[in-house]
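Visitor: would you be able to build a 3D model of this:
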Amino acid sequence: MSRTLSQPVTVAFDYTRSTGPVLGNFFSCLRDRVIVGGRTSSGAVLVPPLEYDPVTHQATTDFVPVGPGGVLTSWTWVPEPVLGQPFDRPFAWALVTFDGADAPMLLALDADYGSIRTGMRVSVRWADERTGAITDIACVEAEVEVREAPRPRSQSTPVTGIVTPVSLDYLYAASPEESAFFSALAQGRIIGQRCPVCHHVYVPPRGACPVDGVPTMDAVELAHTGTVTTFCIVNVPFLGQKIAPPYVAAYVLLDGADIAIQHLVQGIAADEVRMGMRVEAVWRPREEWGTTIENIAHFRPTGEPDADYETYRRHL
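Guide: Numbers count the residues shown, from 1 in each chain. Down below sits the predicted model:
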């Protein structure tokens with residue numbers, strides 16, 4: 001068995017959503033250095049405002065300016081900030097109840113560890129450039145003597161949508177079977193694992209057969225040819241897309257395997273790809289190979305007659 005492989009992975013995308021009238025008003029006010037809460041049917045003022053009253057389920061319409069000063073009700077220290085957090089130095093996450101509000105709001109607190117205490121007065125530090133997002137509040141900090149009163153918001157264009165970058169970093173540790181699979185790809189080979197009971201061959205390999213629940217035992221080297229079982233024509237562009245649409249993402253059942261793998265099909269017009277089409281792997285130049293499925297650039301038609309439906313119908 002080859003050595004176990006691992007790889008740092010970052011999953012990132014921009015989350016885009018419309019704000020609606022309630023949160024849209026909240027973000028529009030932040031852009032104008034105003035914090036507003038929403039008054040519920042019980043009379044409580046919540047920040048940020050809820051879109052609907054938790055008791056009556058009516059849309060929130062009563063907005064109340066609060067802050068920008070408030071009281072620190074709870075906090076936790078962050079000694080080692082990670083990428084994407086408000087500061088690259090130690091800081092605190094704090095629950096702050098703004099003046100005029102009845103519930104706290106989570107914000108970053110910029111202060112020395114020794115100076116923080118529950119019940120201390122804090123106030124907002126605004127971002128230099130405000131766009132109508134929660135980051136318009138850069139943080140809170142210990143309140144100075146002069147308190148800024150709530151300001152009326154301007155009649156600027158309301159915020160109707162926000163874009164929030166989302167990112168997750170983690171270390172992916174491949175199983176011994178997956179490590180063998182990726183190591184074989186670095187040698188220009190495709191391998192699977194066979195179940196000793198049902199004799200199904202899984203690629204990429206699995207540590208156990210999902211049908212019989214027993215460990216897979218034998219490594220099986222597979223052909224570089226296969227059959228398209230199902231496919232999707234991608235027509236919609238998206239951020240980070242490496243191939244201009246339209247293109248085809250397909251499930252390819254490699255000869256000798258009992259489960260299909262997903263990959264690109266090129267070398268043919270997207271509208272000519274079909275179920276049953278016989279394809280072969282196209283490998284990148286050897287000097288570009290690593291321990292990755294991307295060693296296979298794509299699959300292309302072999303020119304053979306289409307496979308009979310009965311040969312792949314159980315793999316759709």
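Visitor: got the buried residues for stretch 260-267?
Guide: For stretch 260-267, the neighbour count (16 or more other C-beta atoms under 10 Å) marks A260, I261, H263, L264, V265, Q266 as buried. Bear in mind the C-beta positions are built from the backbone N, C-alpha and C, glycine included.
Visitor: any chance you could map the helices in the stretch 151-300 of the chain?
Guide: For the stretch 151-300 of the chain, helices defined by DSSP state H, counting those that start in this stretch occupy the ranges 176-185.
Visitor: show me the contacts for the residue nearest to V273 when sequence neighbours are not counted.
Guide: Leaving aside its sequence neighbours, V273 sits nearest to V248 (C-beta to C-beta, 6 or more residues apart in numbering; 4.8 Å). V248 makes contact with F231, C232, I233, V234, L264, V265, Q266, A270, V273, according to C-beta atoms under 8 Å, 6 or more residues apart in numbering.
Visitor: make JSON lines from those residues and add pLDDT and distance to V71 to it.
Guide: Formatted as JSON lines, the contacts of V248 follow (pLDDT from 0 to 100; distance: C-beta to C-beta, whole Å):
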{"residue": "F231", "pLDDT": "97", "distance to V71": "59"}
{"residue": "C232", "pLDDT": "96", "distance to V71": "54"}
{"residue": "I233", "pLDDT": "97", "distance to V71": "57"}
{"residue": "V234", "pLDDT": "95", "distance to V71": "52"}
{"residue": "L264", "pLDDT": "97", "distance to V71": "57"}
{"residue": "V265", "pLDDT": "97", "distance to V71": "61"}
{"residue": "Q266", "pLDDT": "96", "distance to V71": "61"}
{"residue": "A270", "pLDDT": "95", "distance to V71": "60"}
{"residue": "V273", "pLDDT": "97", "distance to V71": "63"}
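Visitor: which pair of those spans the longest distance?
Guide: C232 and Q266 (14.1 Å; C-beta to C-beta).
Visitor: sorry, back to before: what is the nearest of the buried residues of stretch 260-267 to L316?
Guide: A260 (8.8 Å).
Visitor: I figured the closest one was touching F299, is that so?
Guide: No. With contact defined as C-beta atoms under 8 Å, A260 does not reach F299; the gap is 11.3 Å.
Visitor: quick check: neighbours shared by these two?
Guide: By C-beta under 8 Å, 6+ apart, the residues touching both A260 and F299 are G226, V252.
Visitor: as a check, name the ranges of all strands in the stretch 151-300 of the chain.
Guide: 161-173, 191-194, 201-202, 218-221, 225-234, 247-254, 261-265, 278-283, 296-301 (DSSP state E, counting those that start in this stretch).
Visitor: may I see the buried residues of the fifth one?
Guide: By neighbour count, with 16+ other C-beta under 10 Å as the criterion, the buried positions of strand 225-234 are T225, G226, T227, V228, T229, F231, V234.
Visitor: before we move on, what about the first one?
Guide: Of all the residues in strand 161-173, those buried under the rule 16+ other C-beta under 10 Å are I162.
Visitor: list the helices and strands it packs on?
Guide: Applying 3 or more C-beta pairs under 8 Å, 6 or more residues apart in numbering; DSSP states H and E, we find strand 161-173 packed against strand 6-18.
Visitor: on that earlier part again, look up how far T4 lies from the residue nearest to V273.
Guide: From V248 across to T4, the span is 34 Å (C-beta to C-beta, to the nearest Å).
Visitor: ok, back up a step: okay, the strands of the stretch 151-300 of the chain in TSV with distance to V122 next?
Guide: Shown next, in TSV, are the strands of the stretch 151-300 of the chain (distance: least, C-beta to C-beta, whole Å):
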stretch	distance to V122
strand 161-173	24
strand 191-194	58
strand 201-202	56
strand 218-221	61
strand 225-234	49
strand 247-254	50
strand 261-265	51
strand 278-283	59
strand 296-301	55
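Visitor: what about the stretch 101-250 of the chain, any weak spots by pLDDT?
Guide: Across the stretch 101-250 of the chain, the ranges flagged by pLDDT under 70 are 145-156.
Visitor: rerun that using 80 as the cut-off
Guide: For the stretch 101-250 of the chain, the stretches with pLDDT under 80 are 144-156, 239-240.
Visitor: quick one: V36 and V66 touch, right?
Guide: Yes. Counting by C-beta under 8 Å, V36 touches V66, with 6.8 Å between them.
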